[in-house]
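1. next input, structure requested:
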Amino acid sequence: MPNNKFKEDVESLVDRIGVNVPPRIREGLERLRDRLVELSRKGLVKINHSVMELVCAKHLMLKGYDVDVEHDLGGGLVCDIYAVRGDGTLAVEVETGFVPPDNALDPEQYCRARVASKITRYSVKVDKFGLGIPPYYILQIPPVLAKPPRFRTIGEIEEVKRLCDLYYKNPPVSMDEVKNARLHTVYVIDVASDVVSEVDPEFYASIVENLLNITMVKGRMSY
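-> Model (predicted):
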């Protein structure tokens, strides 16, 4: 997307979502907008992620967080949204369901591995970790990563590591990272309506699992 179009879109979004909010929220949105425009000039961000980041950032600012975007966590990791409130830190990664052409024949497994890798690598860097998604994307969270670490078995941890290792080996995730990883919140980000809904990961994962099971049963019955 040409940079002038990117700039027009994020400016239009901030003008729309920045009304009837405290001055500090408007100023914060404008600061993040300018940072994203600059990163766009360098080819480092795309519009579909950026608009979701801005809407989620507003949601977090209204809850008292100081928010940054495209924040360096160290170790080669840059998170989409980084928020601080008091002594606590929160990172949110936006997932839209994009699948590279090289993974056209294994899209479901690729998406599961991508989500597992994000939770495993990012959550150990902050106090809380969340995934942001648009309403039209079904996020496939490995059930073991949706529940608290103390309830995971060695077998489940090894299974997640094997899944991540299929696609992410530079560097590979460690057993300890998988063991201690935690997803705290799923943020459903509706850009058009400027609404962010927070969903419990275990509840979300159970709903998706039931939906996929129903789909598989119907698929078998159709034959």
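2. tell me which helix or strand comes right after the one helix or strand residue 4 maps to.
-> Here residue 4 sits within helix 3-17, counting by DSSP states H and E. On the C-terminal side of helix 3-17, the nearest following helix or strand under DSSP H and E is helix 23-41.
3. flag every buried residue along that following helix.
-> Using 16 or more other CB atoms under 10 Å as the burial criterion, the residues of helix 23-41 that qualify are 25, 26, 28, 29, 32, 33, 36, 37, 39, 40. C-beta coordinates here come from the backbone N, C-alpha and C atoms, glycine included.
4. now stretch 199-213
-> By neighbour count, with 16+ other CB under 10 Å as the criterion, the buried positions of stretch 199-213 are 199, 201, 204, 205, 208.
5. next: stretch 65-78.
-> Applying a neighbour-count criterion of 16+ other CB under 10 Å, one finds 65, 67, 68, 69, 70, 71, 73 buried in stretch 65-78.
6. can I get those residues in CSV with pLDDT?
-> Shown next, in CSV, are the buried residues of stretch 65-78 (pLDDT from 0 to 100):
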residue, pLDDT
65, 98
67, 98
68, 98
69, 98
70, 97
71, 97
73, 96
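7. nearest to residue 145, of those residues?
-> Distance to residue 145, by CB to CB, is smallest for residue 73 among those, at 18.4 Å.
8. how much space separates that closest one from residue 34?
-> With distances taken as CB to CB, to the nearest Å, residue 73 is found 22 Å from residue 34.
9. again, but for residue 191
-> For residue 191, the distance to residue 34 equals 19 Å [CB to CB].
10. now residue 71
-> Following CB to CB, the distance that separates residue 71 from residue 34 is 15 Å.
11. now do residue 15
-> Counting by CB to CB, the gap from residue 15 to residue 34 is 14 Å.
12. how about the helices in this structure?
-> Secondary structure of the chain, counting by DSSP state H: helices at 3-17, 23-41, 47-62, 107-122, 143-146, 154-165, 175-180, 201-221.
13. dump the buried residues of stretch 199-213 to a markdown table, plus distance to residue 78.
-> Output for the buried residues of stretch 199-213, formatted as a markdown table (distance: CB to CB, whole Å):
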| residue | distance to residue 78 |
| --- | --- |
| 199 | 25 |
| 201 | 23 |
| 204 | 25 |
| 205 | 26 |
| 208 | 27 |
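14. out of the residues you listed, who's nearest residue 54?
-> residue 199 (20.1 Å).
15. give me the beta-bridge partners of that closest one?
-> residue 186 (DSSP bridges).
16. now residue 158: how far from residue 15?
-> Computed as CB to CB, the residue 158 to residue 15 distance reads 50 Å.
17. and for residue 195?
-> From residue 195 to residue 15 the distance is 18 Å (CB to CB).
18. so where's this structure shaky on pLDDT?
-> 1-3, 214-223 (pLDDT under 70).
19. do that again at 80, thanks
-> Confidence mapping of the chain against pLDDT under 80 gives the ranges 1-3, 212-223.
20. what residues does stretch 165-182 touch?
-> 109-110, 113-114, 117, 119-121, 123-124, 128-129, 145, 148-149, 152, 157-158, 160-161, 164 (CB atoms under 8 Å, 6 or more residues apart in numbering).
21. same thing with stretch 42-57?
-> Stretch 42-57 is touched from outside by 1, 5-6, 9-10, 13-14, 17, 28-29, 32-33, 36, 39-40, 67, 69-70, 80-81, 83, 92, 94, 96, 132, 134, 187, 189-191, 194, 196, with contacts defined as CB under 8 Å, 6+ apart.
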